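Colleague: okay, sequence plus prediction incoming.
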Amino acid sequence: MRGQVQLKLRVPGSPASSVVLPFDWQKAVWGDAYIRIRNIFALVHDGYTLRQAAEVAAGKAPKLIDKLDWNGASDRFKEQKINHGNAIKLSTWERKYSQVVFDAIELLTSRNPPTTPAVLIDRCIRQWEPGSRTRQERARNLCQFLRHCVDREQMPSIWTPPIDLKEHIGRKSASSVSHKSHPITDQQIINLLSSLPDTQVGQRWADAIRLMAELGLRPIELLYLSIKRDPKTKQAYWWCSYEKRTGGGITKPRRLWPLPLTESDTEPSGKFAVEWNLQSRWQAKMIKLPPLQSGNGAADSISTYLRRNTGWQSLKAQLESEGERLSCYSFRHSYSVRGHQRGIDNGSMALAMGHSIEVHCRSYPWATEAGAEAAFNRAYSSIQYVSANSRV
């Protein structure tokens, strides 16, 4: 009776395993059997079990991938991210991890799943613009999931993600439109506020904009505002408890420094500061913010509301005609410009806005230019000029 080729694996400290290969035990097929055995050896060396390796070598990779518990691994990865290590908040998981991990699971459990980490990463991040911050972030977060699968779920080491993600993230093309928003003037902000409806709901949104503009807040930081009091001077001041997780670590909670806006005036004096009494109104519980936690977070909530406003639509069209972009971050950007125009140095502005000097200079080049212009204007105004002909 003619038999088939049987392959056995013996690993010290582990039970022996074996598989039967689809080759008859005869000289005519020994070459094909040898090639198959070499391929199985390579796969076992990469971390597959003997049976898994035999299935992959036989062209049954999709069935093998289906058998891996990707859904369970996703649940356990979420648990790990939220409750252990450098723990993140549930809202952060929903914004930055949930979508890309969900997309990966759908692909990996489909009828035609990707069989390498590189293919999986590319297919999961295509929806975001090449070179964008979001694509970079999603690629890194997906790699965290894959490393979890290999290190903690004992999945085959072939799923270890690449270290260098540059080829996956890509670069923005020379013709691509920048999605970075631009600052707007104090007067444009004041005009926009005047266009909001004079209703209770409208004034809630107006106060949210006033706070972002005068304190230089990220939209989400509206949810982390409070008032503290200096134990020595007894002076009350704004405080933001938000901690932003970045590639360089976690930003610290910080004191906030208001920079009141100035409004144009017809009088010869030119401009005067706008007083919104935000701090005293906040302390008196007279400011009630609009709903900012629905949808995809504060920024999305504010953007959704403003998109319906005619004043916002008009301002957006004006900026676009000048090659610039308007977003709810424009109020924060304007704070930076305002501070530099008033002579505040980079270090102080970076501290007030909750990031490093390096990030500040890279993210707000227009603010640095505005500060340089203001500094030179002050220098010029301090010089007393005399005619060269008057000197003997």
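Modeller: Thanks, I have it.
Colleague: use CA for all of it now, contacts and neighbours both
Modeller: Fine.
Colleague: show me where the stretch 251-392 of the chain has helices.
Modeller: Taking DSSP state H, counting those that start in this stretch, the helices of the stretch 251-392 of the chain run over residues 278-283, 298-307, 310-321, 330-341, 346-353, 357-363, 365-381.
Colleague: what residues of the third one count as buried?
Modeller: Just to be clear, that refers to helix 310-321. 311-312, 315-316, 319 (16 or more other Cα atoms under 10 Å).
Colleague: which one among those residues sits at the bottom for pLDDT?
Modeller: Across the buried residues of helix 310-321, the smallest pLDDT goes to L319, namely 90.
Colleague: ok, now which ones touch that one?
Modeller: 325-326 (Cα atoms under 8 Å, 6 or more residues apart in numbering).
Colleague: so that it lines up with my notes, have the first residue be 326 from now on.
Modeller: Understood, numbering begins at 326; the last thing we discussed is L644.
Colleague: look up how far S457 lies from it.
Modeller: 22 Å (Cα to Cα, to the nearest Å).
Colleague: count the residues that sit near S519.
Modeller: The local packing of S519 (other Cα atoms under 10 Å) involves 12 other residues.
Colleague: what pLDDT does it get?
Modeller: If you check S519, the pLDDT there is 95.
Colleague: do P593 as well
Modeller: 43.
Colleague: show me the strands in this protein, by range?
Modeller: Along the chain, the segments classed as strands by DSSP state E run 329-334, 342-349, 550-554, 561-565, 570-571, 574-575, 579-581, 587-589, 596-598.
Colleague: any idea which of those is most buried?
Modeller: strand 579-581 (a mean of 18; mean count of other Cα atoms under 10 Å).
Colleague: what's that strand packed up against?
Modeller: If you count contacts as 3 or more Cα pairs under 8 Å, 6 or more residues apart in numbering; DSSP states H and E, strand 579-581 packs onto strand 561-565, helix 671-678.
Colleague: tilt between the first one and strand 550-554?
Modeller: For the pair strand 561-565 and strand 550-554, the angle between their directions (axes from the mean of the first three to the mean of the last three Cα atoms, to 10 degrees) equals 140 degrees.
Colleague: what mean pLDDT does strand 561-565 have?
Modeller: Computed over strand 561-565, the average pLDDT equals 94.
Colleague: quick one: strands adjacent to it?
Modeller: Using DSSP bridges, the strands paired with strand 561-565 are strand 550-554 (antiparallel), strand 579-581 (antiparallel).
Colleague: and these: which comes nearest D447?
Modeller: strand 579-581 (38.2 Å; Cα to Cα).
Colleague: touching, L617 and I627? I think so.
Modeller: Yes: taking Cα atoms under 8 Å as the definition, L617 is a contact partner of I627 at 7.3 Å.
Colleague: quick one: low-confidence ranges for the protein?
Modeller: The chain contains residues with pLDDT under 70 at 326-327, 338, 371-373, 384-392, 498-504, 570-575, 589-596, 619-621, 681-717.
Colleague: can you do 50?
Modeller: 326, 386-391, 500-503, 591-594, 710-717 (pLDDT under 50).
Colleague: domains of it?
Modeller: Domain assignment of the chain by automatic domain parsing yields the ranges 329-384, 395-494, 511-704.
Colleague: nearest approach to K505 belongs to which of the ones you listed?
Modeller: Closest among these, using Cα to Cα: domain 511-704, at 6.9 Å.
Colleague: chain center to that closest one: distance?
Modeller: Centroid separation between domain 511-704 and its chain, computed with Cα atoms, centre = their mean, to the nearest Å, is 20 Å.
Colleague: just send the domains of the chain back as TSV, with distance to K505 too.
Modeller: Below are these laid out as TSV (distance: least, Cα to Cα, whole Å):
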stretch	distance to K505
domain 329-384	43
domain 395-494	10
domain 511-704	7
